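> Have a look; sequence and predicted model below, questions after that.
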Amino acid sequence: MKKLILASNNAKKVKEIKEILEGLPIEVKSLKDEGIDIDVVEDGKTFEENAKKKAKEIYEFLLSKGKKDFIVLADDSGLEVDYLNGEPGIYSARYSGEHGNDDKNNEKLLENLEGVPKEKRGAQFVCQLSLFTDKGEYYTVRGEVRGFIIESIQGKGGFGYDPLFFYEPFNKTFGELEAEEKNKISHRGIALIKLKDTLIDLI
């Protein structure tokens with residue numbers, strides 16, 4: 001059985017992917033699990049370009065270190081806000097200028113939406129997944145979920161913009177959802193469901 005190695009150093013994202021894939025006959029490992037410390041420069045212009053670049057570069061790096069029998073899954077995801085013409089988009093993790101600072105990113109988003117009425121605060125979370133195989137092939141899928149941005153933090157769960165992203169069918173923000181609830185309807189959950197059969201076939 002091949003390992004599925006996640007091309008991410010984001011511990012919360014890795015945890016979420018492992019939870020969603022739990023129960024499948026797949027051995028899921030993070031870069032940390034494999035003792036690998038590497039960051040890929042995300043200089044693509046789209047989520048797909050970044051995901052594909054991360055998947056391929058991590059695959060080639062692991063191969064150069066003598067790793068065998070694995071495929072790589074990369075995730076590039078973010079928030080697109082209608083009123084902000086799709087921002088923060090591919091810059092979601094570093095929207096405030098400081099990579100991975102959720103508090104500052106949320107603060108900047110709220111500042112940029114100050115005074116904007118609810119009907120113009122529509123948004124979507126996007127998750128682009130890319131698999132890179134030992135045959136040099138890519139498999140890519142995209143998951144999206146719609147909601148809107150509220151005016152203040154609600155909930156302590158999740159990560160990133162979850163406490164500001166309101167999901168009307170559940171009448172809660174992603175930050176208020178239990179992990180199991182979120183994983184069933186999230187952009188990442190949707191994308192992984194699309195990719196599930198391919199993953200099982202490749203492993």
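Now that the structure is in, tell me what you want to look at.
> Please name the nearest non-neighbouring residue to residue 122.
residue 82 (4.3 Å; CB to CB, 6 or more residues apart in numbering). The C-beta positions use only the backbone N, C-alpha and C, and glycine is treated the same way.
> what residues are up against the one you found?
For residue 82, the contacting residues are 120, 121, 122, 123, by CB atoms under 8 Å, 6 or more residues apart in numbering.
> What is the nearest of those to residue 44?
The closest of these to residue 44 turns out to be residue 123 (CB to CB; 21.2 Å).
> That closest one should be in a strand, yeah?
Yes: Residue 123 sits within a strand when classified using DSSP: H, G, I helix; E, B strand; the rest coil.
> Could you pull up the contacting residues of the closest residue to it other than its chain neighbours?
Leaving aside its chain neighbours, residue 123 sits nearest to residue 81 (4.5 Å; criterion: CB to CB, 6+ apart). The contact partners of residue 81, by CB under 8 Å, 6+ apart, come to 87, 88, 109, 113, 121, 122, 123, 149.
> of all those residues, which comes closest to residue 14?
residue 88 (21.4 Å).
> I'd assumed residue 97 was in contact with the closest one.
No: Residue 88 is beyond contact range of residue 97, at 11.2 Å (criterion: CB atoms under 8 Å).
> Neighbour count for those two, which is higher?
A count of neighbours by other CB atoms under 10 Å puts residue 88 above the other of residue 88 and residue 97, at 20 against 10.
> residues in contact with the more buried one?
By CB under 8 Å, 6+ apart, residue 88 lies in contact with 78, 79, 80, 81, 95, 105, 109.
> Go again with 10 Å.
78, 79, 80, 81, 94, 95, 96, 105, 108, 109, 112, 161 (CB atoms under 10 Å, 6 or more residues apart in numbering).
> quick one, phi psi at it?
phi -80, psi -10 (degrees, to the nearest 10).
> Equivalent analysis for residue 24, please.
According to degrees, to the nearest 10, residue 24 has phi -90, psi 150.
> how close does it sit to residue 103?
From residue 24 across to residue 103, the span is 34 Å (CB to CB, to the nearest Å).
> the more surrounded of those two?
More crowded of residue 24 and residue 103, by other CB under 10 Å: residue 24, with 14 against 10.
> Give me the distance between the more buried one and residue 1.
11 Å.
> got any residues that touch both of the two?
Contacts common to residue 24 and residue 1, judged by CB under 10 Å, 6+ apart, are residue 203.
> From residue 151, how far out is residue 195?
Distance, residue 195 to residue 151, using CB to CB: 35 Å.
> So for the two, which residue has more residues nearby?
residue 195 (20 against 14).
> what sits against that one?
Here residue 195 is in contact with 21, 73, 129, 130, 131, 139, 140, 141, 143, 202 (CB under 10 Å, 6+ apart).
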